[in-house]
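>>> following is a predicted model, sequence given first.
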Amino acid sequence: MGTATWKIADAKDFQRILNTPRPVFILFVSEHCPACGESAPLFEQAAWKHPWIVSLVVDCASTPRHPDVTGTPTLLIYWNGVLKEKLKGFGPRENQAQVVEATFKRYNRIHRPTTSALAHP
């Protein structure tokens, strides 16, 4: 599945995105943010490995302001429409890939249904 670059028009659009039983990872980025240029590719690589997780990249310049996003890059993680975790940046450059991958793995392991549940909805 990977990531999708998304424009969120309004609160209703945002709620529609969150209306899923799967975890939703939303990475808020800004064009003029040097850290975003490094974080977004790491996020996208991890997203490709974890297709069960809905992964979106949102450009803050083309979407309404979100009250939990005070700087970029910021990753908001939702499950069942509830904010579960907020990461402002991914830490020191040398650890960023590990932080991103570990975050995806944690939610993939905790929230992914069993194979039998997928086969028999």
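Yep, it's here.
>>> now do the helices in the chain.
Taking DSSP state H to define them, one finds helices in the chain at 11-18, 34-49, 96-111, 115-119.
>>> how about those helices, which one is nearest Pro73?
helix 34-49 (4.2 Å; CB to CB). For every residue, glycine as well, the C-beta is placed using N, CA and C.
>>> the closest one versus helix 96-111: what angle between them?
If you take axes from the mean of the first three to the mean of the last three CA atoms, to 10 degrees, helix 34-49 sits at 40 degrees to helix 96-111.
>>> could you export helix 34-49 as CSV, CA atoms only?
Extracted C-alpha coordinates of helix 34-49, given in CSV (Å, rounded to 0.1, in the frame of the first residue of the first chain):
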residue,chain,number,x,y,z
PRO,A,34,15.0,20.5,6.2
ALA,A,35,14.1,17.7,8.7
CYS,A,36,11.0,16.9,6.7
GLY,A,37,13.1,16.2,3.6
GLU,A,38,14.9,13.5,5.6
SER,A,39,11.9,12.2,7.6
ALA,A,40,9.4,11.8,4.7
PRO,A,41,11.5,9.2,2.8
LEU,A,42,12.1,7.2,6.0
PHE,A,43,8.4,7.2,6.7
GLU,A,44,7.5,6.2,3.1
GLN,A,45,10.0,3.3,3.2
ALA,A,46,8.5,2.0,6.5
ALA,A,47,5.0,2.4,5.1
TRP,A,48,5.7,0.2,2.1
LYS,A,49,6.8,-2.6,4.5
